[in-house]
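Q: Fold the following.
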Amino acid sequence: MFQDSAKIFIQSGKGGDGHVSFRRELFVPAGGPDGGDGGRGGDIVFEVYDGLNTLTDFRHKRKYVAQNGEPGGKKRCHGSDGEDLVIRVPEGTVIRDDETGKVIADMSGENRRKVILRGGKGGIGNMHFATATMQAPNYAKPGQPGKGIFVRLELKVIADVGLVGFPNVGKSTLLSRVSNAKPEIANYHFTTLTPHLGVVDMEDGEGFVMADLPGLIEGASEGVGLGYDFLKHVERTKVLVHVVDAASVEGRDPVDDINKIREELVKYDPEILKKPQIIAANKIDSIVRGDGEEDPVEAIRRAFEPDIPVYPISGVTGQGLKELKYGILKILNTMDRTPTVFEPEIEIDYIGDRTLPYTVTRDPDGSFRVEGPRIEKMLGYTNLESEKGFDFFQKFLKNNGILDELEAMGISEGDTVHMYGHAFDYYK
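A: Just a heads-up that it's a prediction; the model follows:
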């Protein structure tokens with residue numbers, strides 16, 4: 001089963017606790033404190049592995065926890081650092097914060113390895129607390145806790161060209177004829193459950209990567225059928241090729257099919273239809289016309305050209321395939337071929353403990369109030385007087401969705417927000 005989405009829990013390791021001990025040796029009656037520091041907790045690291053092309057492994061394991069740091073020991077011994085946990089994913093995997101849906105990282109292009117959660121720092125031992133007036137400190141600092149969040153992994157195919165269309169229009173056949181891909185081909189609806197990639201090599205040494213994206217159905221953008229699961233793959237492609245059955249072998253109207261596919265794409269993301277598009281009018285070897293009937297290819301051209309060029313082809317006989325390939329290449333040569341990489345939208349370091357609640361309310365005087373254990377804890381360790389601390393404070397509000405809630409409640413520029421004795425004026 002092809003798996004292109006998975007929800008998992010990841011947690012970095014806790015830092016080891018600092019140790020409390022005192023030097024006790026013969027002839028050394030007052031050796032002083034010698035408690036060592038705790039080790040750092042292990043990080044959660046995502047890494048691209050070329051041997052993977054699905055997220056199937058995450059169906060069986062959904063919790064990933066890095067190793068904790070070891071506590072410090074006597075005689076100033078430093079605890080060992082926790083081992084990092086490396087999670088291998090296929091290229092094209094987008095890591096999103098499950099609560100907000102925002103992008104944490106896109107494992108594409110040059111992003112081959114990324115630390116997502118850093119382990120907690122180790123606590124310092126009591127040897128660090130000795131002073132002239134406190135020569136025998138009986139306390140040490142505990143290690144910082146690790147951080148745990150739910151993330152959603154989404155695999156988005158990386159290809160220059162995406163073939164879109166209803167089932168059984170010949171996308172798999174077309175891909176097998178023009179590239180090195182060998183997809184399974186059968187006459188069943190939704191036969192393609194996995195996006196197949198193929199490299200199209202041209203005679204002059206140029207080429208491009210083409211993806212056969214699974215057939216869509218009406219309502220795919222609302223989650224009907226399997227179509228919604230694969231609409232996301234279209235986002236990375238540079239050029240869209242609409243493959244239609246020009247011969248109407250199954251009784252479908254090719255013009256109507258293209259319009260329906262375009263409707264589903266624009267519902268999912270209006271930006272998609274800004275990509276260059278081409279129509280591959282397939283199965284022309286099977287066209288049968290009665291007396292006086294219009295050539296279906298001409299009907300498609302009349303409906304979409306000159307905005308969308310139409311190429312009559314036959315995936316079975318190979319007719320028109322050379323012209324189609326060079327038509328695609330001509331468009332690609334005018335574009336930046338660098339793979340689309342989604343920029344991070346959230347910084348994990350600024351996410352608080354999500355097990356703690358908070359509330360956003362509006363006072364009778366029109367001002368707003370943000371309270372709750374999550375806010376109180378954040379203010380307790382944030383120095384709002386420093387530039388770095390205030391920057392942390394603002395990012396905390398953004399990454400925890402608090403700014404979104406204030407805006408949803410109608411906050412305007414100049415409005416006041418109260419937080420446990422602090423008052424801030426809101427400016428967008």
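Q: Could you use CA atoms for every contact and neighbour count after this?
A: Will do.
Q: Could you look up the SS state of residue 374?
A: helix (DSSP: H, G, I helix; E, B strand; the rest coil).
Q: low-confidence ranges in the protein?
A: 1-3, 28-30, 181-195, 214-230 (pLDDT under 70).
Q: Centroid-nearest residue for it?
A: Nearest residue to the geometric centre of the chain (CA atoms, centre = their mean): residue 94, 2.1 Å.
Q: what about the nearest residue to it once chain neighbours are set aside, neighbour count?
A: Once flanking residues are discounted, residue 94 sits nearest to residue 106: 4.4 Å by CA to CA, 6 or more residues apart in numbering. Using other CA atoms under 10 Å, residue 106 has 25 other residues around it.
Q: List the contacts of residue 106.
A: Residue 106 makes contact with 92, 93, 94, 95, 341, 342, 343, 344 under the criterion CA atoms under 8 Å, 6 or more residues apart in numbering.
Q: and those, which are buried?
A: By neighbour count, with 16 or more other CA atoms under 10 Å, those hold 92, 93, 94, 95, 341, 342 as buried.
Q: can you list those residues in TSV and add distance to residue 260?
A: Putting the buried ones among the contacts of residue 106 into TSV (distance: CA to CA, whole Å) gives the following:
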residue	distance to residue 260
92	28
93	28
94	28
95	30
341	28
342	27
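Q: partner residues bridging residue 154?
A: Judged by DSSP bridges, the bridge partners of residue 154 are residue 5, residue 94.
Q: if I pick it, what's in contact with it?
A: Taking CA under 8 Å, 6+ apart, one finds 4, 5, 6, 93, 94, 95, 96 in contact with residue 154.
Q: Tell me if I'm right that the second one and residue 55 touch.
A: Yep, that's residue 5 we're talking about. Yes - counting by CA atoms under 8 Å, residue 55 is a contact partner of residue 5 at 6.7 Å.
Q: Tell me the residues that contact both of those two, please.
A: The contact lists of residue 5 and residue 55 share residue 155, where a contact means CA under 8 Å, 6+ apart.
Q: now the end-to-end length of stretch 131-148.
A: 37 Å (CA to CA, to the nearest Å).
Q: ok, now stretch 100-110?
A: Stretch 100-110 end-to-end distance (CA to CA) = 25 Å.
Q: Check which residues of it are buried.
A: Here stretch 100-110 shows 102, 103, 104, 105, 106, 107, 108 as buried, counting by 16+ other CA under 10 Å.
Q: now the last one, nearest residue through space, not along the chain?
A: Taking CA to CA, 6+ apart as the measure, residue 108 lies nearest to residue 92, with 4.9 Å between them; neighbours along the chain are not counted.
Q: need the contact list for the one you found.
A: Counting by CA under 8 Å, 6+ apart, residue 92 has contacts 106, 107, 108, 155, 156, 157, 158.
Q: Repeat the analysis, applying 6 Å as the threshold.
A: 107, 108, 155, 156 (CA atoms under 6 Å, 6 or more residues apart in numbering).
Q: Distance check, it against residue 137.
A: Counting by CA to CA - residue 92 and residue 137 are separated by 53 Å.
Q: Count the neighbours of residue 327 for me.
A: For residue 327, the count of nearby residues is 15 (other CA under 10 Å).
Q: Helix, strand, or coil at it?
A: helix.
Q: what do you get for residue 10?
A: Residue 10 is classified as strand under three-state DSSP.
Q: pretty sure it contacts residue 64?
A: Yes - look at residue 10 against residue 64 with CA atoms under 6 Å: they come within range, at 4.8 Å.
Q: of the two, who's got more company?
A: residue 10 (21 against 16).
Q: ok, residue 31 touching residue 23?
A: Yes - with contact defined as CA under 6 Å, residue 31 reaches residue 23; the gap is 4.7 Å.
Q: Tell me which residues touch residue 129, please.
A: Residue 129 neighbours (CA under 6 Å, 6+ apart): none.
Q: That one and residue 138, how far apart?
A: Distance from residue 129 to residue 138, by CA to CA: 9 Å.
Q: Could you do residue 27 as well?
A: In terms of CA to CA, residue 27 sits 22 Å off from residue 138.
Q: and the two? which has more neighbours close in?
A: residue 138 (17 against 7).
Q: Pull the contacting residues for that one.
A: Here residue 138 is in contact with no residue (CA under 6 Å, 6+ apart).
Q: again, but for residue 12
A: Here residue 12 is in contact with 42, 43, 44, 65, 66, 117, 119, 146, 147 (CA under 6 Å, 6+ apart).
Q: in the sheet, who's paired with the third one?
A: For residue 44, the beta-bridge partners are residue 85, residue 117 (DSSP bridges).
Q: likewise the fourth one?
A: Assessed by DSSP bridges, residue 65 has beta-bridge partners residue 11.
Q: number of nearby residues for it?
A: Residue 65: 18 neighbours (other CA under 10 Å).
Q: repeat for the last one
A: By other CA under 10 Å, the residues close to residue 147 number 22.
Q: mind listing the helices for the stretch 251-400 of the chain?
A: Along the stretch 251-400 of the chain, counting by DSSP state H, counting those that start in this stretch, helices occupy 254-268, 296-304, 321-332, 373-380, 387-399.
Q: distance between the first one and the chain's centre?
A: Think helix 254-268. How far helix 254-268 lies from its chain's middle: 26 Å, per CA atoms, centre = their mean, to the nearest Å.
Q: List the buried residues for that helix?
A: Under 16+ other CA under 10 Å, the buried positions of helix 254-268 are 254, 255, 257, 258, 260, 261, 262, 263, 264, 265, 268.
Q: Then the fourth one?
A: Within helix 373-380, the residues that count as buried by 16+ other CA under 10 Å are 374, 375, 378, 379.
Q: isn't residue 68 right next to residue 38, touching?
A: No - between residue 68 and residue 38 there is no contact under CA under 6 Å: 10.0 Å.
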